[in-house]
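Q: my questions are about this predicted structure, shown below with the sequence.
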Amino acid sequence: MDKILEALVSSSHPLPVKRAIVKRVVEAAEKEVSGEQCQALYRLTARLILQGTDAFQRQVGTQVQEAYARYHRDEFAHFLSKDYVLELLQQGCGTLDRRDPAILDFLHSCLRLLISCPAVLELAPVVRAEALRIVCERPEAVLCARLAALLADFPQCVPRDKAAVLFCQQLVRSFAHFQCPVAEEAELRRYVAQVSHVATLLQGIWKAEPSTLLPSLQEVFAVISATDSSFQPSIALASLVHHIPLQMITVLIKSLTTDQNVKDASMTQALSRMIDWLSWPLASHVDTWVVALLKGLAAVQKFTILIDVTLLKIELVFSRLWYPIVRQGALAVLSHMLLSFQHSPEAFHLVVPHVVPLVRSLQADGLHTSGAFLLQFSELVHCMMSQYSGFPDLYDPILEAIKDLPKPGEEKIRYVLNQSAWTSQSNSLAPGPLVLTGKSETGKTGLVNLGNTCYMNMLFMQAFRRHVLSLHLNGSNSLIKKLQVLFAFLAHTQRAAYAPRSFLDASRPPWFTVGSQQDCSEYLRFLLDRLHEEEKTFRALQMAKPRPLPSNSGDIQDSPTHSTTDTSLCFHPEHVDVECDGRTLVERMFGGRLSTGIRCLQCHSLSEKEEPFTDLALAFCPSVRTAQGPVDQLGGLGAINGGGEGSEGSVREGVHPRMERAGADPVLSLSDLVEYFLAPEVLEEENRYFCERCGSLQRAERTMTVVMAPEYLILTLLRFSYDATCHVRRKILDNVGIPLSLGLPVHWNPLHANSAPSSSSPSSSPSVRVDSPESGENLAKKLKPSRREEEEDEDGFTDSGREGGQRGEGSGVCVVPYVLSSVVMHSGMSSESGHYYSYGRNVTGTDGCATTNLFSQTPVSQEEPSSSSSSLSEGMAASKDVLESGGQNSRDWFLFNDSRVTFTNFQSVQNITSRFPKDTAYVLIYRKQEAGGQPGALPATINGSGFNGEPPLHKDLMDAITKDNKLFLQEQELSSRTRALQTASASCSSRPDGSDDNEPPGSCGPSGGGGGGGFNTVSRLVF
């Protein structure tokens, strides 16, 4: 029979004739056939299947073998002996090599014919051993896929126990050697399917024998972390990720990132190759593992690896966005890499040129999935442009491309950036104690306390910061330049707290003793005065210099010898507000004007004088304090340098300032103090006024009115008084109610309502500083006139208002609304000790963005004497309404306490003194509201920046910040490695919490006067 069949298939007879004869041979299998004949037929059919010259011969061999094996199974089992299987797997068949996939296909089909026979169990040990040998020889994907198919159908042939571990490890190695054929799509699909079959085999083994999983993954890491550049592992390894349980992420990442035996070069290679896996079309969860490893490395502060890998692979990850099948995973990795790379714009700028083409392509294809992807992608781009504003030449095309897509809010952008930063990642993966070095959840940066320097702890307003950063300054010796550097670092540094040593040295008043506590109000006045005078000086120098020729302007500006002073400062005209009318930055932000009028009560003549101010020093009303008991003898309300130390009044010997109050509710409100400041004062007895018309000292009435409201209203409460008897300074501890909104009565005259003082006119622009005896100390000495005096002079005062040329003619009062921006608190009993901290309003919070306009700006006739008072009272009432609807959110306010910056709410601001009696409001800063109820705002774009309101940083600032951020990351990495090496040492100790101050929030140390708490024994200060 075998001879006839062999001759038939090789004959030249027509194919139908051959098929008919083969059919007869197959039907003959049902009849009794001798064992010798069966063996001859099995040998022939095996030869036809494995070595057939055409498809007909292979088909005949398969049909005849299946028929005779079905009816003569014992004979077939005898044919498929161990020796024959070993011969096939080790030597092949004739000219067919043993590594040919056809060998495994033939063996697989033979085992299927014996699937229920004991012979399979006898052959299993042989197949197990040969399977291990095959994978050790690094077979190609097609051979591994055939082996995987065989072992999937016959699990008894899968290696077991220790052999199973070795089999899995070697199979992983085989994965690394797979080569993707660069050919047609059909071949690529077959290759992906083959790899998937092998990965499914590994998954089955891992489930059957869990002990093989971890060694397999260790082998994967050993392969991808190899630093041998001559071998590049196949990205087919990505197919294994889909089968690794996600529950193991934490364990595996911790094992990888904390293993001291893993070198940085190996980790860099491993991470880079995992990122390459994003190109694998069917790999799920690759992005999850890549992001987890990135976070794990950040948690243990291995920033060098993250920087190198990000810069190396960011463009490749971006290129994967063009392919829909891997787009979503690539976006997840790209988002994390970009959002976490916050110390420099370098990574983002590598992909910026590719953004617009990608957006255009996605917009053109019209697919629903592309539209959803664009929303996510545009949000990422907005976040990055917000983080690194100041490159309009790069960002303008992008903004044009995504202009129709929604833009995330500032709050969301800040939250996303804060959560993604390397320094904000949890360090729970790291062994041993770790110090929290990242910023708090607020994303704000603190200032290091450089030794009792918490008096610097006052908030510079957002608009003021934007103005300073937008200046074009040359050189680094001027105070405004140092302030610009400080603001730039506060906005963009990765450090939790910044040490402003250079700025402190330049801005400290000469009479301040280094290392001792000082008055923050006095410091603020000095600083603003310095900035004001410095700008005026340099403007004068610029005007005095001859203008260079246009052709040489660039050379002169860039020349090192361009400046004639050590502090080369240049205010470019194109960057100066055209509406400032020559006013300095300090004048535009903080400058107001106060008019003082003195009316002789004898002849009713009036003398007026206008002078500028940057803050109003509010004294405590004696009449209110007298009702509170003997302690009110404190009432020294005079001001020295405007700082709040009085020269009048005394405290009875032995009487200590009161530490307890009658109730939790404040007796005074801020509106009361403003009203008292603006109330008329009678000058009599030793304070009588010399009237030039009368030619003698006369009783007079002095009135003070605000004639120009500042953009930012600074109110200083005169809490520190001097006791002439005991020769000590005391603190007034009265609780003052702080309204969320405040109305300031401003007297205006239509004849000069639109005019602004010019810096070029000496008469209209005297020094901004208000510390003369008349404008400083005497302002705090005012006493309200008695009822008798008011009745006595009421008619005369009214009549004098009708006299020609006198005050009030053609003038009116409008109440300018202000919204609270920040509050500086003082904790302690005197100006020489204690601690300053502050509350600042979150301008991106709910109440910061849209505050109700509580005050009408309609002029009020001066004939209504109670208009100012009633307006202030209405303001307080209205602020309560605002308080009920806003300011209660726990994220609406910040608490700045040295290096600690935390979220809080307005209720905490109001209740702090009732909870901690020594902690009292000292300096309050209000921001003017515009007609729509919004705080006074700057244009949406500043010097080409229209993203987060921050002006673009100049190159020298950006370079300095980038350099310092990279240095900070290296410092953290070195510190982390050092701590990891010291974890076994019992002497290693660290504070678990970076707390600067114990409760209450205003303590400056155990004694309450030391100037900073203990974050690793380093005192800190906050911005």
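A: Structure received.

Q: and the host helix or strand of residue 528, what's buried?
A: Taking DSSP states H and E as the criterion, the element that holds residue 528 is helix 520-544. Within helix 520-544, the residues that count as buried by 16 or more other C-beta atoms under 10 Å are 520-536, 538-539. C-beta: built from backbone N, CA, C; applies to glycine.

Q: same check on stretch 63-82?
A: Neighbour counts over stretch 63-82 (16+ other C-beta under 10 Å) mark 63-69, 72, 75-77, 79-80 as buried.

Q: gap between it and the chain center?
A: 72 Å (C-alpha atoms, centre = their mean, to the nearest Å).

Q: residues touching that stretch, excluding its own?
A: Stretch 63-82 is contacted from outside by 5, 22, 25-26, 29-30, 33, 35, 38-39, 41-46, 49, 110-111, 113-114, 117, 119, 122-123, 126, using C-beta atoms under 8 Å, 6 or more residues apart in numbering.

Q: change it to 7 Å
A: 5, 22, 25-26, 29-30, 33, 35, 38-39, 41-42, 45, 49, 110, 113-114, 117, 119, 123, 126 (C-beta atoms under 7 Å, 6 or more residues apart in numbering).

Q: spatially central residue for the protein, please.
A: The centroid of the chain falls nearest to residue 418 when counting by C-alpha atoms, centre = their mean (2.8 Å).

Q: report pLDDT for that residue.
A: Looking at residue 418, its pLDDT reads 81.

Q: what does residue 466 give?
A: Residue 466 carries a pLDDT value of 78.

Q: any idea which element it lies in?
A: Here residue 466 is assigned to helix 462-470, by DSSP H and E.

Q: which stretches of the stretch 451-600 of the chain form helices?
A: Using DSSP state H, counting those that start in this stretch, the helices of the stretch 451-600 of the chain run over 462-470, 479-492, 501-507, 520-544, 553-558, 585-590.

Q: of all the ones you listed, which lies closest to residue 154?
A: Closest to residue 154 of the helices of the stretch 451-600 of the chain is helix 479-492 (C-beta to C-beta; 63.2 Å).

Q: which strands and helices sit next to that closest one?
A: Helices and strands touching helix 479-492, by 3 or more C-beta pairs under 7 Å, 6 or more residues apart in numbering; DSSP states H and E, are helix 462-470, helix 501-507, helix 520-544, helix 955-981.

Q: quick one: distance of the last one to the chain centre.
A: Counting by C-alpha atoms, centre = their mean, helix 955-981 is centred 17 Å from the centre of its parent chain.

Q: please identify the buried residues of that helix?
A: Those would be 957-958, 960-962, 964-966, 968-969, 972-973, 976, 979-980, for helix 955-981 by 16+ other C-beta under 10 Å.

Q: ok, now stretch 15-33?
A: 18, 21, 22, 25, 29, 33.

Q: quick one: that stretch to chain centroid distance?
A: On C-alpha atoms, centre = their mean, the centre of stretch 15-33 falls 80 Å from the chain's centre.

Q: what residues does it touch?
A: 1, 5, 8, 9, 56, 60, 63, 64, 67, 68, 71, 72.

Q: what would the residues you listed look like in a markdown table with distance to residue 498, secondary structure and pLDDT?
A: A markdown table is the format used below for the contacts of stretch 15-33 (distance: C-beta to C-beta, whole Å; DSSP: H, G, I helix; E, B strand; the rest coil; pLDDT from 0 to 100):
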| residue | distance to residue 498 | secondary structure | pLDDT |
| --- | --- | --- | --- |
| 1 | 95 | coil | 66 |
| 5 | 91 | helix | 80 |
| 8 | 93 | helix | 76 |
| 9 | 88 | helix | 78 |
| 56 | 83 | helix | 88 |
| 60 | 85 | helix | 88 |
| 63 | 84 | helix | 90 |
| 64 | 86 | helix | 89 |
| 67 | 86 | helix | 89 |
| 68 | 87 | helix | 89 |
| 71 | 89 | helix | 88 |
| 72 | 89 | coil | 89 |
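
Q: can I get those residues in JSON lines with distance to residue 165?
A: What follows is the contacts of stretch 15-33, written out as JSON lines (distance: C-beta to C-beta, whole Å):
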{"residue": "1", "distance to residue 165": "49"}
{"residue": "5", "distance to residue 165": "47"}
{"residue": "8", "distance to residue 165": "51"}
{"residue": "9", "distance to residue 165": "47"}
{"residue": "56", "distance to residue 165": "45"}
{"residue": "60", "distance to residue 165": "44"}
{"residue": "63", "distance to residue 165": "42"}
{"residue": "64", "distance to residue 165": "42"}
{"residue": "67", "distance to residue 165": "42"}
{"residue": "68", "distance to residue 165": "41"}
{"residue": "71", "distance to residue 165": "42"}
{"residue": "72", "distance to residue 165": "41"}
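
Q: which of the contacts of stretch 63-82 fall within helices?
A: Those of the contacts of stretch 63-82 mapping onto helices are 5, 22, 25-26, 35, 38-39, 41-42, 45, 49, 110, 113, 119, 123, 126, per DSSP state H.

Q: top of those by neighbour count?
A: Neighbour tally across these (other C-beta atoms under 10 Å): the maximum, 27 neighbours, falls on residue 41.
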